[in-house]
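Colleague: take a look and give me a structure for this.
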Amino acid sequence: MQKSRKVLVTGSCGQLGSEIRRLTEGNADFVFTDCLGSEGILPLDICDADAVAACVKENSVGTIINCAAYTNVEKAEDEPVLCRRINCEGVSVLAAAALDADAALIQISTDFVFDGSKDSPYLETDTPSPLSVYGSSKAEAEDIIVSSGVRGAIIRTAWLYSPYGKNFLKTMLHLGSTLPGINVVNDQVGSPTYAADLADAVLRIVPIAAERKGELYNYSNAGACSWYDFACEIMHQAGLRCEVHPVSSSEYPQKAVRPAYSYLDKSKIAAELELDVPQWQDSLRKCLERLI
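Modeller: Residues are numbered from 1 along each chain as shown. Here you go, the predicted structure:
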């Protein structure tokens with residue numbers, strides 16, 4: 001990335017975008033946008049091709065980090081058109097703008113592109129087979145980027161949490177402080193991802209993004225667990241006495257089908273970026289220190 005060219009971050013009010021803003025505070029090389037905008041954040045609809053092209057040109061953008069996405073997995077089953085518009089058409093617009101400006105694009109993807117039938121960690125080379133509208137939209141977005149020929153990278157992540165917005169950690173803290181017991185599924189296995197850790201990994205990719213072309217990477221915290229395990233550890237570390245009861249997914253019916261196993265192998269990104277990927281329990285502790 002040329003020093004004179006800036007980094008445009010979309011979806012800057014979300015969990016990952018907020019952590020990138022925190023880690024780059026005071027860095028004038030970063031331009032932050034979101035669909036509505038706010039103080040210090042420019043309004044930008046990633047589906048508006050003219051607005052995106054103008055924003056990229058006016059700010060001399062050399063790299064785009066796309067943190068904008070439709071992420072409500074359940075609601076996506078009822079709003080497939082809107083989900084696809086944001087997650088697919090928006091990505092197509094960003095890829096086209098990046099190509100026109102000779103810029104790189106870093107796209108955030110998900111473990112939901114897999115069906116969870118594998119019994120070993122998912123590699124970047126494994127073939128996507130999504131089970132939900134959300135997962136299908138993100139898998140299509142990956143294909144859009146690869147077929148466009150835009151320079152950059154795709155980072156698949158999972159189970160994101162942070163002090164920002166709505167997420168599983170904050171829900172558990174609320175329930176754990178108000179209820180004596182809760183039920184949590186124990187037959188979906190993956191790995192939580194502290195958004196601050198992911199933000200650090202994304203920022204490490206920025207300087208090399210122009211040297212890649214649709215390169216796939218996996219990133220989540222180290223160590224596999226179920227949602228039940230995650231909830232138990234949250235209660236333990238937060239000092240909450242709420243009892244967590246394991247239940248099967250069949251006892252907690254949802255519209256969107258989740259992968260039963262979606263643990264991501266991080267060896268590729270760890271080796272290329274010389275990253276020491278933190279254990280999920282350690283990262284949970286760091287996030288809780290900011291929340292409690």
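
Colleague: so how far is Leu94 from Leu179?
Modeller: 42 Å (CB to CB, to the nearest Å). C-beta here means a position set from N, CA and C on the backbone, and glycine is covered the same way.

Colleague: more neighbours: the two, which one.
Modeller: Leu94 (30 against 11; other CB atoms under 10 Å).

Colleague: flag every buried residue along the helix or strand harbouring the more buried one.
Modeller: In the assignment (DSSP states H and E), Leu94 maps to helix 90-100. Using 16 or more other CB atoms under 10 Å as the test for burial, helix 90-100 gives 90-98.

Colleague: what about the helix or strand following that helix, distance to the chain center?
Modeller: Using DSSP H and E, the helix or strand that follows helix 90-100 in sequence is strand 104-110. In this view, strand 104-110 has its centroid 9 Å away from the chain centroid, taken as CA atoms, centre = their mean, to the nearest Å.

Colleague: what's strand 104-110 packed up against?
Modeller: If you count contacts as 3 or more CB pairs under 8 Å, 6 or more residues apart in numbering; DSSP states H and E, strand 104-110 packs onto strand 61-66, helix 90-100, helix 133-148, strand 152-157, helix 195-205.

Colleague: what does the second one rub up against?
Modeller: Residues from elsewhere that reach helix 90-100 (CB atoms under 8 Å, 6 or more residues apart in numbering): 10, 46-49, 52-53, 56, 64, 66, 68, 103-105, 107, 141, 144-145, 148-152.

Colleague: got the angle between it and strand 61-66?
Modeller: 170 degrees (axes from the mean of the first three to the mean of the last three CA atoms, to 10 degrees).

Colleague: off-centre distance for helix 90-100?
Modeller: Taking CA atoms, centre = their mean, one finds helix 90-100 lying 19 Å from the centre of the chain it belongs to.

Colleague: between the helices and strands packed on strand 104-110, which one is closest to Tyr252.
Modeller: Comparing these against Tyr252 with CB to CB, the closest turns out to be helix 133-148 (17.7 Å).

Colleague: tell me where this structure has strands.
Modeller: With DSSP state E, the ranges of strands along the chain come out as 6-10, 30-34, 42-43, 61-66, 104-110, 152-157, 160-161, 181-185, 189-190, 193-194, 215-218, 225-226, 243-247.

Colleague: possible to save those strands as JSON lines with mean neighbour count, mean pLDDT and distance to Leu264?
Modeller: As requested, the strands of the chain are exported to JSON lines (neighbours: other CB atoms under 10 Å; pLDDT from 0 to 100; distance: least, CB to CB, whole Å):
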{"stretch": "strand 6-10", "mean neighbour count": "25", "mean pLDDT": "98", "distance to Leu264": "23"}
{"stretch": "strand 30-34", "mean neighbour count": "23", "mean pLDDT": "97", "distance to Leu264": "27"}
{"stretch": "strand 42-43", "mean neighbour count": "14", "mean pLDDT": "96", "distance to Leu264": "32"}
{"stretch": "strand 61-66", "mean neighbour count": "26", "mean pLDDT": "98", "distance to Leu264": "19"}
{"stretch": "strand 104-110", "mean neighbour count": "26", "mean pLDDT": "98", "distance to Leu264": "10"}
{"stretch": "strand 152-157", "mean neighbour count": "24", "mean pLDDT": "98", "distance to Leu264": "6"}
{"stretch": "strand 160-161", "mean neighbour count": "24", "mean pLDDT": "98", "distance to Leu264": "12"}
{"stretch": "strand 181-185", "mean neighbour count": "17", "mean pLDDT": "97", "distance to Leu264": "19"}
{"stretch": "strand 189-190", "mean neighbour count": "22", "mean pLDDT": "98", "distance to Leu264": "8"}
{"stretch": "strand 193-194", "mean neighbour count": "24", "mean pLDDT": "98", "distance to Leu264": "9"}
{"stretch": "strand 215-218", "mean neighbour count": "22", "mean pLDDT": "98", "distance to Leu264": "4"}
{"stretch": "strand 225-226", "mean neighbour count": "20", "mean pLDDT": "98", "distance to Leu264": "13"}
{"stretch": "strand 243-247", "mean neighbour count": "16", "mean pLDDT": "97", "distance to Leu264": "23"}
